[in-house]
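Colleague: here is my input; please provide its structure:
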Amino acid sequence: QVQLVESGGGLVQAGGSLRLSCTASHLTVSSYSMGWFRQAPGKEREFVAADLWSGYTYYADSVKGRFTISRDNVKNTVYLRMNSLKPEDTAVYYCAAYFRGETYNIAQAYDFWGQGTQVTVAS
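Modeller: Purely as a prediction, here's the structure:
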């Protein structure tokens, strides 16, 4: 059974950094487009970043220049480095996998999801 397990969330002060990890089992990340989404209380789940299997990366405008998505195919893990965090980045962050997908910013297009990790940015 495919599993995506996120880790690395926590409480951080505004301006601080965190690195989220998403480790996959029974799924080879190199064959998948991998995305990060987030959901704040009372809001819709929104796209954050994607690393496509074809090699392209995409970011939401709100995180561009602050967040970096990367992957380690040997470790079968995807990362989201988050710098210059703001209180509005507070949310549950989800990792998702999309088999050779290109529609990177549409949550419904993704095949598998992790359970999420909480990120809280204090002002």
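Colleague: who does whatever helix or strand Val121 lives in touch, helix- and strand-wise?
Modeller: If you go by DSSP states H and E, Val121 is part of strand 117-122. Counting contacts by 3 or more Cβ pairs under 8 Å, 6 or more residues apart in numbering; DSSP states H and E, strand 117-122 is packed against strand 10-13, strand 18-25, strand 91-99. C-beta coordinates here come from the backbone N, C-alpha and C atoms, glycine included.
Colleague: among those strands, which is nearest Asn73?
Modeller: When the helices and strands packed on strand 117-122 are compared by Cβ to Cβ, strand 18-25 sits nearest Asn73, at 10.3 Å.
Colleague: next SSE after that closest one?
Modeller: Criterion used, DSSP H and E; the element after strand 18-25 is strand 32-39.
Colleague: what distance separates the start and the end of stretch 51-59?
Modeller: Distance across stretch 51-59, first residue to last, is 9 Å (Cα to Cα, to the nearest Å).
Colleague: show me which residues of that stretch are buried.
Modeller: Neighbour counts over stretch 51-59 (16 or more other Cβ atoms under 10 Å) mark 51-53, 58-59 as buried.
Colleague: give me the mean pLDDT for it.
Modeller: Averaged across stretch 51-59, pLDDT comes to 94.
Colleague: ok, and what's touching that stretch?
Modeller: The contact list for stretch 51-59 (Cβ atoms under 8 Å, 6 or more residues apart in numbering) reads 30-35, 48-50, 67, 69-71, 78, 100-102, 104-105.
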